[in-house]
Every structure is written in C-alpha cells, then in structure tokens.
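Chemist: Kindly return the folded structure for what I paste below:
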Amino acid sequence: MRTLVAAAVLATTLPASACLIYNNYRAFAPDVPDTFDWDDAPLNPLLTAPQVRVVKIKRAPREPADYVGRVMRCTMGQAHLQVRWPATGGPPLKDVGFRFRKLQDGAIFFDAAPQQGTIRRNTMEYEFFIFESAQEAAEKLDMEIEVYAVNADRERGMGTRLRIHAPPAPVDKR
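Modeler: Coordinates of the predicted model:
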C-alpha cells in the first residue's frame, strides 16, 4: 500500500515529461570504501586484459539546448559496450567486475567504482549514459578509455584501451 501511495504522490509532483533513468549495471564490490584506489590495487595475473568493443552509440538530438531541458525531455544518449572474458584460465565471469576509466575527457558517464553488467555467456554488457549539452552533441565524440577486471580480493588485472568514436548527434527537427 505504501508503494502505491508513494507512486501516486510522485506522479502528481513530477512534470509530465519526467522520465525513469535506468542502467543495466550494479556495483561489483559495494562493501569496498569509496576511498579505495582500484588503479593502485595489486595486479593479479589471472585477471587478464578483457576484450572490449563498442556495440552501439546513440547520441541524443541537439535540441533543447540547456541541460535541464535535455534531462526533462529524457534526451540523453547511450553507449552500449560489451566486455568479453576468456572462458578458461581465469575466474568465472560472475566473480569479476570491470572498472571503466576515462583517459581523456568525454561525455560518457562511468561510475568510479567497478561494475557488473548483464552477463551473456562469456560477455558482460553495459549501457552507459551520455550526458552532453546540445553544443557538445554538435561535435564528434572522440574519447579514450581503459577497462580492467577486478576481483573481490581487491586485485585488478591488466587494462585494455579503447578509443570511442561517434559522429555528431542528429538535429531535432521539431
């Protein structure tokens, strides 16, 4: 009953254009303090460098121009990335998480802590949000990231670098 009341209150207080923001990943090691430096964690040779590929980049149209208007209209983009993990030789995929680290500035949002995405066989899939202004969306997206595996023992593996490219966002013709 409380859930229904809360939903009714939220529905009456939020603007009609408000949207639900959902991602498909969760924190891998929620018990690790936020101050833990995964980049400085000891290397574990069983955590090999993952294979990472961009599945799809969908950028939001260039209008409306301001951030608030873009968020209220749910006009954020998405980056769908896939991390392939070796089927043999290391820990099972369910026992690792992956840390995504920007090597240069870019509009794709990555959490600072390692995450676990949706597991499909020997891959983990992630859908990240792209938060950018209309001016940023008018430019090509070009950024470099590093991805590495981590385990529950607070160890990390070797990283894989990936350059992410996307053309400018389309113009909204409303």
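
Chemist: longest single strand anywhere in the chain?
Modeler: As assigned by DSSP state E, the longest strand anywhere in the chain is strand 141-151.

Chemist: Return the list of strands paired to whichever helix or strand comes after it, each annotated with direction.
Modeler: Counting by DSSP states H and E, the element after strand 141-151 in chain order, helix or strand, is strand 160-166. Strands adjacent to strand 160-166 in the sheet, as given by DSSP bridges, are strand 141-151 (antiparallel).

Chemist: quick one: average confidence on the longest strand of the chain?
Modeler: The average pLDDT within strand 141-151 is 96.

Chemist: and it, C-alpha only, in PDB?
Modeler: Taking C-alpha atoms only, strand 141-151 is exported to PDB below (Å, rounded to 0.1, in the frame of the first residue of the first chain):
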ATOM      1  CA  LEU A 141      32.500  12.200 -29.900                       C
ATOM      2  CA  ASP A 142      36.100  11.100 -29.500                       C
ATOM      3  CA  MET A 143      37.400   9.700 -26.200                       C
ATOM      4  CA  GLU A 144      39.700   7.000 -24.900                       C
ATOM      5  CA  ILE A 145      39.000   4.700 -22.000                       C
ATOM      6  CA  GLU A 146      40.700   1.900 -20.200                       C
ATOM      7  CA  VAL A 147      38.900  -1.200 -18.900                       C
ATOM      8  CA  TYR A 148      40.200  -3.700 -16.500                       C
ATOM      9  CA  ALA A 149      38.900  -6.600 -14.400                       C
ATOM     10  CA  VAL A 150      38.800  -6.600 -10.600                       C
ATOM     11  CA  ASN A 151      38.000  -9.400  -8.100                       C
END
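
Chemist: list the buried ones in it?
Modeler: 141, 143, 145-151 (16 or more other C-beta atoms under 10 Å). Placement of C-beta: from N, CA and C, glycine included.

Chemist: got a list of what the residue positioned nearest the centre of the chain touches?
Modeler: The centroid of the chain falls nearest to F128 when counting by C-alpha atoms, centre = their mean (3.1 Å). The contact partners of F128, by C-beta atoms under 8 Å, 6 or more residues apart in numbering, come to 23, 78-81, 100, 108-110.
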